[in-house]
Each structure stands twice: as structure tokens, then as C-alpha cells.
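Visitor: Next input, structure requested:
(one chain, ligands or ions: 2)
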Amino acid sequence: MQAVLLEEFQEPLTVQDVERPEPEPDGAVAEVIGCGICRSDWHCWQGDWDWFGYRPDPPHILGHEPTGRIVSVGEDVENVEEGQEVAIPFNFACGTCDLCRNGRENICENHIGLGFMNQAPGAFAEEVHIPNADLNAVPLPDDIDAESAAGMGCRFMTSFHAMAHRAPVSAGDDVVIHGCGGIGLSAVHIANALGGNVIGVDLMDEKLDRAEDLGAVATVNAQEVDDPAKEVRDITDGGADVSADALGIATTCQNAVNSLRKGGTHVQIGLTTSEEEGMVSLPTDEFVAKEIDFKGSLGLQPSRYSEMLDMVESSKLDPTALVEDTVDIHQVPDELAAMSDYNTVGIPVCNEFSN
Ligand SMILES: [Zn+2]
Ligand SMILES: [Zn+2]
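Guide: Ligands and ions are numbered 1, 2, ... in the order given. Okay, the predicted model is just below:
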């Protein structure tokens, strides 16, 4: 089958023929229907995230935002069937560790990152393997087709968990999203649906326009003001209740924290770059003086997908609104290369794998 292969970090990616996956006893294989193209693929390709354990040994298949149709299941799988359409979270869980048993499968002790770790070859491929499929393959309701669900990849579901569970955003909250790439725009859309008054901050007017389309009540172009955080504090009359850094660079993280009012909550969604290597200096005394909470957010538990899917079914959320472009597998290397300039708006999705 065809797959996008990372053969050497930072060197051009190529589409090559590789072996089709076979299901492990507890696993399933899905034919990939759609797979979002994400800045996280770009980071992995660059060789960033060594400090996060997301640095596979090449050659490795990239891609971590798939939806698919099950084509074969292992002998121990009970609930997943051939022909079923599924969403596939990128953070595979074991189902048996204490965290999994307490409903926190997204931070499973035995976490395997799809497309990021050797144990889980990615989904820019005709087929992808899902370990522990009874937990990690999430059946889609009948009226959500797998092609439109492809917009619900890591950026969307991660933002859902950040806004709905980790913050959590409630009616009337002032919410500021720093960085309006795919994950940031998803957060704008979701926070708006949850009743927040959302402010988008970015450097590009085009992304800020999209933020407004998706429900932002105000936007700040950080390039045009001296202090974007002060701008947010002025707009919100004292600071936001919830801030998110949806990019993961020192400036956006610091600006996000500095945008908060007393008692506010910061949610870190973006992982940092090779600049920061996971370390950002922050105004810790402000955390004390203002009793600010700083929270991390990773993925979304398979057991809580139903909350997001319910909101999609009732049209409160529309993952297709974020999909900017659909491409075939041969265009994925170029799409990822284009991310070096931070110009990508919304979510590009690969939906043609075998041509
Ligand atoms: Zn676990
Ligand atoms: Zn992603």
C-alpha cells in the first residue's frame, strides 16, 4: 500500500509502497478515509519533541488524525466490526492502568502516540492499525460520515477536551485563544459553542477573519499592538477567564497567561518547538497573586468522544467548517513543507490514498 514515509528528519518526505498492516489479537485495521494534516506531523518530521518521546526511528509513516472503515479485526476484539466507520484518537490507551480506569485514557501510563512512536505507524497510508481496538476505535454515529469526521482529528478533539473539560468554559466566560492555526480555530469554534465570548489573537489577518467566521467576538493582531495581553485585558475589562496557548511558543504562552483576570485559568494546548524544548519562563508570582491555574491538555479520552459527537450531531459543532482543503496522498509532503512558513489556514485533510 502507499504511505507517506519519514526517512530522515527534515529531509523531503516521500510516498512509498509499504506492507499492509495485519491486526494484532486485540487490534483492528482500518482503511483510512480521511486524515488531517497537522503541525504536529511537521514537528515530528523536523525531529522536534525528542523531549516528549515523539521521535520515531525512521523509516516511519506519519499521520495521526484519521477516520476510517474497519477492514479486519483481531481474534480478541469484541466490540469493533468489519465495515464500521470509526474515529481514531492519536493517543492510544491500554485500558487497564489506573489512569485509564479512572477515565483519563488520554494520559494513559502506556500511551502510544499514533504516527509519533515506533509502535504505531501513522495514517497517511491506505490502511492503519489500531491497537486495543475495543477502546481506541470510536464508532461514529450513523449520521456522521467518516469523511466529514476527518476534520475532528487531534486539533479538534484536543481543543474540545481543553475547552470543555480542562478549562472548562461556561456561559459568558471571556476566552482568549492565542494562535489561530487549526487547533486555535477549533478552540475558537468550540469555546463559542460552549457559550464563551471568544477573542482570537494571531499575527495573520486571514486567520483572524476565520476566527470571526467561527464565532470570535473580537480579534487582536499581535503584530499591530505593543502588548497583545494588555489589549485583551482592555477588551475584557480586566482580563479573560480562560486563556489558551494554541501554538506553543514562548511568546504566545506568556501572552496567554498575561491575558488572564484574577482567578483565571490558562490551558496549554500547543507543545513547544525546538526553540523552547519544553521550557518557557512564566510570571510565577502572578500565579500566586492572582491565583491563576495553569493546566495542560492532551487529546481527548475515547470514552468522552460521545460528548463531542453529540454536539456535532446537533449541529452545535461543525468539524467541516475548519477543513480548508482536501488533497491526495501525493500532496501531503508539500502540504507539510508549506507549514515551515506558518501560513496554513484551517485544516487541510488528505482523503485520497490509493491513486
Ligand atoms: Zn492506560
Ligand atoms: Zn494533529
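
Visitor: and after the top helix by length along the chain, which helix or strand comes next?
Guide: Determined from DSSP state H, the single longest helix within the chain is helix 182-193. Using DSSP states H and E, the next helix or strand after helix 182-193 towards the C-terminus is strand 197-202.

Visitor: Does that following strand pack against any helices or strands, and if so which?
Guide: When contacts are defined as 3 or more C-beta pairs under 8 Å, 6 or more residues apart in numbering; DSSP states H and E, strand 197-202 packs onto strand 174-178, helix 182-193, helix 205-213, strand 218-221, helix 228-235. Every residue, glycine included, has its C-beta placed from N, CA and C.

Visitor: Contacts (any at all) between ligand 2 and the longest helix of the chain?
Guide: No. Helix 182-193 lies out of reach of ligand 2 by C-beta under 5 Å from the ion, never closer than 7.5 Å.

Visitor: which ones are touching the residue nearest to A218 when sequence neighbours are not counted?
Guide: By the measure of C-beta to C-beta, 6 or more residues apart in numbering, the closest residue to A218 outside its immediate chain neighbours is I199, 4.7 Å from it. I199 makes contacts with 174-177, 216-220, 232, 235-236, 240, as judged by C-beta atoms under 8 Å, 6 or more residues apart in numbering.

Visitor: Of the residues you listed - the most surrounded one?
Guide: Comparing these on neighbour count, I177 comes out first with 38 neighbours (neighbours: other C-beta atoms under 10 Å).

Visitor: Okay, buried residues for the longest helix of the chain please.
Guide: The neighbour-count check on helix 182-193 (16 or more other C-beta atoms under 10 Å) flags G182, I183, G184, L185, S186, A187, V188, H189, I190, A191, N192, A193 as buried.

Visitor: what's the closest of these to N91?
Guide: I183 (14.7 Å; C-beta to C-beta).

Visitor: Read off the pLDDT value for the closest residue to the closest one other than its chain neighbours.
Guide: Spatial nearest neighbour of I183, excluding adjacent residues (C-beta to C-beta, 6+ apart): R155 at 4.1 Å. You'll see R155 listed with a pLDDT of 89.

Visitor: what helix or strand does R155 sit in?
Guide: Going by DSSP H and E, R155 is part of helix 154-160.

Visitor: That helix near ligand 2 anywhere?
Guide: Yes. Applying C-beta under 5 Å from the ion, one finds that helix 154-160 is in contact with ligand 2 at C154.

Visitor: Can you tell me what sits against that helix?
Guide: 36, 38, 40, 64-65, 87, 89-90, 181-184, 186-187, 189-190, 246, 269, 297-300, 305, 307-308, 317, 319, 322, 347.

Visitor: Which residues are in contact with E313?
Guide: Going by C-beta under 8 Å, 6+ apart, E313 touches P141, D143, I144.

Visitor: One more: V32?
Guide: G63, P66, T67, G68, A123, F124, A125, E126, E127, V128, F353.

Visitor: cool, and I292?
Guide: Contacts of I292 by C-beta under 8 Å, 6+ apart are V257, L260, K262, G263, G264, T265, H266, E286.

Visitor: Would you report the backbone torsion angles of the nearest residue to I112 once chain neighbours are set aside?
Guide: With sequence-adjacent residues excluded and distances taken as C-beta to C-beta, 6+ apart, I112 is closest to F92, at 4.3 Å. Dihedral pair for F92: phi -70, psi 140, per degrees, to the nearest 10.

Visitor: for ligand 2, what are the nearby residues on the protein?
Guide: Within the chain, the positions near ligand 2 by C-beta under 5 Å from the ion are C38, S40, E65, C154.

Visitor: Export those as JSON lines, with columns for secondary structure, neighbour count and distance to ligand 1.
Guide: Putting these into JSON lines (DSSP: H, G, I helix; E, B strand; the rest coil; neighbours: other C-beta atoms under 10 Å; distance: C-beta to the ion, whole Å) gives the following:
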{"residue": "C38", "secondary structure": "coil", "neighbour count": "29", "distance to ligand 1": "24"}
{"residue": "S40", "secondary structure": "helix", "neighbour count": "28", "distance to ligand 1": "21"}
{"residue": "E65", "secondary structure": "coil", "neighbour count": "33", "distance to ligand 1": "21"}
{"residue": "C154", "secondary structure": "helix", "neighbour count": "27", "distance to ligand 1": "18"}
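
Visitor: Among those residues, which pair sits farthest apart?
Guide: Most distant of the residues of the chain next to ligand 2, by C-beta to C-beta, are S40 and E65, 8.6 Å apart.

Visitor: Near K295, how many other residues are there?
Guide: Neighbour number of K295 under other C-beta under 10 Å is 15.

Visitor: which non-adjacent residue is nearest the residue in the stretch 101-250 of the chain that ligand 1 sits nearest to?
Guide: Per C-beta to the ion, the residue of the stretch 101-250 of the chain with the smallest distance to ligand 1 is C108, at 3.1 Å. Nearest in space to C108, with sequence neighbours left out and distances taken as C-beta to C-beta, 6+ apart, is A93 at 3.7 Å.

Visitor: Return the residues in contact with the residue of the stretch 101-250 of the chain closest to ligand 1.
Guide: N91, F92, A93, C94, G95, C97, L99, C100.

Visitor: ok, back up a step: what pLDDT does the residue nearest to A218 get?
Guide: For I199, the model assigns a pLDDT of 98.

Visitor: Angles on the backbone of the residue nearest to F52 when sequence neighbours are not counted, please.
Guide: Distances taken as C-beta to C-beta, 6+ apart place L271 nearest to F52, at 6.2 Å, with adjacent residues excluded. Taking degrees, to the nearest 10, you get phi -80, psi 150 for the backbone angles of L271.
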